[in-house]
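K.L.:
Okay, here's the prediction I keep looking at, along with the sequence it came from:
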Amino acid sequence: MDAASNVSCSAFLSKGIMDFGEEPHVLAVDDNLIDRKLVEKLLKNSSCKVTTAENGLRALEYLGLRDDQENTLNGSCSKVNMIITDYCMPGMTGYELLKKIKESAIMKEVPVVIMSSENIPTRINKCLEEGAQMFILKPLKQSHVKQLRGQLNKCGSF
């Protein structure tokens, strides 16, 4: 896993809501290094703490949600406030990652945003029906990040 950002523990309140003044922690998942770095840069420019993963399995591992892993999220440092993931990745799609996250009692309230370079309405609808907060067409732009921050501020996740 690519953990270029600070992964220190933060004092989170229940359900991922943060104490006033703390940076939101975002897990960015993308198999393409350039796209991953772009997402990381844009989120950091918006005062987010960012951890990156190169695929869905690494993301699940970081979140403590792998089938062969004991759940270590209780009191763990790896609590995130949002997950942003590419749809098309080898091994596990963003949709499959979304489903795993929404099946988890601990992580199901965390907003998940799906990104894709392909505008396929059935894919978009499937992700939104499964619980994705948003579906964004790549490339991610600063305006998308501002929109995400605004929506999450309203629902109390940031």
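P.N.:
Thanks, I have it.

K.L.:
for residue 99, what are its contacts?
P.N.:
Residues near residue 99 by CB atoms under 8 Å, 6 or more residues apart in numbering: residue 130. Where C-beta positions appear, they are placed from N, C-alpha and C, glycine not excepted.

K.L.:
I'd assumed it was in a helix, is it?
P.N.:
Yes - Residue 99 sits within a helix when classified using DSSP: H, G, I helix; E, B strand; the rest coil.

K.L.:
Could you report the pLDDT at it?
P.N.:
With respect to pLDDT, residue 99 scores 98.

K.L.:
And for residue 6?
P.N.:
For residue 6, the pLDDT comes out at 30.

K.L.:
Equivalent analysis for residue 66, please.
P.N.:
pLDDT for residue 66: 83.

K.L.:
my guess is residue 126 meets residue 93, correct?
P.N.:
No - with contact defined as CB atoms under 8 Å, residue 126 does not count as touching residue 93 (10.5 Å).

K.L.:
Now do the contacts for the residue nearest in space to the middle of the chain.
P.N.:
In the chain, the centroid-proximal residue (CA atoms, centre = their mean) is residue 83; its distance is 0.8 Å. Listed by CB under 8 Å, 6+ apart, the contact set of residue 83 reads 26, 27, 29, 59, 97, 101, 110, 111, 112, 113.

K.L.:
out of everything not next to it in sequence, what's closest to residue 81?
P.N.:
residue 24 (4.3 Å; CB to CB, 6 or more residues apart in numbering).

K.L.:
Please report the distance of that neighbour from residue 139.
P.N.:
Using CB to CB, to the nearest Å, residue 24 is found at 21 Å from residue 139.

K.L.:
who has more neighbours, these two?
P.N.:
Neighbour count, other CB atoms under 10 Å: between residue 24 and residue 139, residue 24 has more, with 22 against 13.

K.L.:
Check the more buried one and give its pLDDT.
P.N.:
pLDDT for residue 24: 89.

K.L.:
Give the phi and psi angles for it, as a check.
P.N.:
Residue 24 adopts backbone torsions of phi -70, psi 140, taken as degrees, to the nearest 10.

K.L.:
Low-confidence bits of the chain, can you list those?
P.N.:
Applying pLDDT under 70 to the chain flags residues 1-21, 68-78, 151-158.
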